[in-house]
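Asks: Build me a model from this:
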Amino acid sequence: MRLLVMLAIGGVAALAAIAIVVALVLGGSDGGDPRTALEAAGCTLATSPALVGVHSISAPDGSSDTWTTDPPTSGPHYAVPAVWGSFDDPVNQAQLVHNLEHGGIAVQYGSDVPSATITELERFVQEHPRGTVLAPYASLGDQIALGAWVTESATDPENGTAYLVKCSRFDQAAFEAFFDAYQFQGPERFPPDSLLPGRT
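Replies: Okay, here's the model as predicted:
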C-alpha cells in the first residue's frame, strides 16, 4: 500500500513537472513583455490602472472627463463600438474605447505622419484584421499611437491595465510585439473571429 501511495505521488509530481515545462515552452495567454522591442524602435510605453468601463457616454462623439490618456484607453464609453477596420476619417473615441473593452487594439496616427507611413500601417492592419481599428487622430502630430485595455482575467474585469504606446515611426517588430502581448485580453472578451472588419 505504501508503495502504491509513493508511486502515485511520484506520478503527480512528474505530471506537474511536465506541465511546467510545457507552459514555459508554449508561453501563457499573452505574447510576453513587448517593452524591449518598443524601446528598440524608439517608442514610449505608458501604463495606468484601467478605469471602470460603463456605457455612460450618451452620444457616439461624446467624451469623458475621467479619461486619463490621450487617446483614451479605458473607462466610460458609448454603448455601440466602432466598426472594426481602417478609416480615412477620425473615429469617435467614445466608441473606440468600447472596442478596446472587447479586446481590440486601436492604431491611430497624427496629421503630420507621412503618407508612406500610413500605407505601412494600412498594410500592417490588413495582416491583423481581427480586433483592429486604424484611424487618424490629428492631435498626435507626427506620432502613431497604439492603445489596448487588458485584464488578467475575463472574470475580473474591473482590475486591468491601460496601455498606450506612442512611436515616431512604424516598426514591424515593435507593433507585432504589442499585438502579441495585449490583443484579445480586454475585460469583455469576444472570439477573435467575431471582431472582423465591417462589424461592430
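
Asks: Could you find the closest non-adjacent residue to the most centrally placed residue in the chain?
Replies: The C-alpha lying nearest the average C-alpha coordinate of the chain belongs to residue 148 (CA atoms, centre = their mean; 3.2 Å). Once flanking residues are discounted, residue 148 sits nearest to residue 182: 3.9 Å by CB to CB, 6 or more residues apart in numbering. Every residue, glycine included, has its C-beta placed from N, CA and C.

Asks: Ok, residue 43 next?
Replies: According to CB to CB, 6+ apart, the nearest residue to residue 43 is residue 167 (4.0 Å).

Asks: can you list the weak-confidence ranges in this protein?
Replies: 1-31 (pLDDT under 70).

Asks: Quickly note the distance from residue 50 to residue 123.
Replies: 30 Å (CB to CB, to the nearest Å).

Asks: Can you pick out the residue with more neighbours from those two?
Replies: Taking neighbours as other CB atoms under 10 Å, residue 50 and residue 123 compare with residue 50 leading, 25 against 11.

Asks: Could you verify my assumption that the more buried one touches residue 164?
Replies: No - between residue 50 and residue 164 there is no contact under CB atoms under 8 Å: 11.2 Å.

Asks: Show me whatever sits in contact with both of those two.
Replies: Residues touching both residue 50 and residue 164 by CB atoms under 8 Å, 6 or more residues apart in numbering: residue 73.

Asks: For the protein, which segments count as helices?
Replies: With DSSP state H as the criterion, the chain has helices at 2-26, 35-40, 93-101, 115-127, 172-182.
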